[in-house]
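Student: Have a look at this fold, sequence not included:
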């Protein structure tokens, strides 16, 4: 099948530009460590939230694009952090681990560390122009609403070298501690674009040279048999409802992951991992 020719920018048109709906980053650095027993902590910014657990905290501290605000922790956990990472945030040391647990959901695994952060900055969809000589795979989730699933999809996207994740700016989760933990660091390395209109985003990507593969178990075409070049948008729908009709209509090919039939379907994040593996081969 002949690849689409990449089209160059048309003047200064911006109507098809999709950006992640995230605020700009303030580059502030804090190094002072404070000790407090207070369990009532108000976040510094209206849009900030708490990451929890060593993996999420270290990944955010290592991300130069992440605006970190404050690092909370007990002495042992703070001392185990790389000093070069720890100094990127103002440190508030807590004597009692119960103080940390007052700030996050019950049962959330934190390993003695919390990090207040602001959402990552936005990215233009036009920045995802295919790179010659490599696979360019973008994952698009159509109204997948569970933060754990979106986080797990980010984790798979990072593991298999996807260029980006695209979701709609409504009917999909925002950044959160639970999503970040499920992503196992993927949130910090995979560009996540929140588009106002997925169909317009697909049209823009098509002009850039991408082919669109929708995943649906009802078709007869196996994903591993699809051969449409190196520039692919993998489009996945929500569990139960699947792809919405208009999004499905804008896919060039509808494919499936063959299964034995013992179970009816896969969790969307499991299906994403398998599909990304197939497309990255």
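Tutor: Arrived safely, thanks for sending. Everything numeric in this text was worked out from a predicted model, so none of it was measured.
Student: mind listing the helices for the stretch 101-250 of the chain?
Tutor: Taking DSSP state H, counting those that start in this stretch to define them, one finds helices in the stretch 101-250 of the chain at 147-159, 177-183, 198-207, 245-249.
Student: now for the third one, which elements pack on it?
Tutor: Spelled out, that is helix 198-207. For helix 198-207, the elements it packs on are strand 136-142, strand 164-168, strand 211-215, strand 231-237, helix 245-249, judged by 3 or more CB pairs under 8 Å, 6 or more residues apart in numbering; DSSP states H and E. For the C-beta atoms, the positions are set from N, CA and C on the backbone; glycine is no exception.
Student: Report the residue spans of this protein with pLDDT below the cut-off.
Tutor: Filtered on pLDDT under 70, the chain yields the residue ranges 1-41.
Student: Please enumerate the strands of it.
Tutor: 33-36, 49-52, 68-73, 90-94, 113-117, 136-142, 164-168, 192-195, 211-215, 231-237, 253-255 (DSSP state E).
Student: can you redo the ones you listed as a markdown table with distance to residue 127 and mean neighbour count?
Tutor: A markdown table is the format used below for those (distance: least, CB to CB, whole Å; neighbours: other CB atoms under 10 Å):
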| stretch | distance to residue 127 | mean neighbour count |
| --- | --- | --- |
| strand 33-36 | 38 | 12 |
| strand 49-52 | 25 | 24 |
| strand 68-73 | 24 | 24 |
| strand 90-94 | 31 | 20 |
| strand 113-117 | 22 | 26 |
| strand 136-142 | 11 | 24 |
| strand 164-168 | 9 | 23 |
| strand 192-195 | 9 | 23 |
| strand 211-215 | 19 | 23 |
| strand 231-237 | 14 | 24 |
| strand 253-255 | 25 | 20 |
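Student: Using JSON lines, lay out those strands together with distance to residue 124.
Tutor: Conversion of these to JSON lines gives the following (distance: least, CB to CB, whole Å):
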{"stretch": "strand 33-36", "distance to residue 124": "38"}
{"stretch": "strand 49-52", "distance to residue 124": "24"}
{"stretch": "strand 68-73", "distance to residue 124": "24"}
{"stretch": "strand 90-94", "distance to residue 124": "31"}
{"stretch": "strand 113-117", "distance to residue 124": "22"}
{"stretch": "strand 136-142", "distance to residue 124": "13"}
{"stretch": "strand 164-168", "distance to residue 124": "11"}
{"stretch": "strand 192-195", "distance to residue 124": "8"}
{"stretch": "strand 211-215", "distance to residue 124": "19"}
{"stretch": "strand 231-237", "distance to residue 124": "16"}
{"stretch": "strand 253-255", "distance to residue 124": "26"}
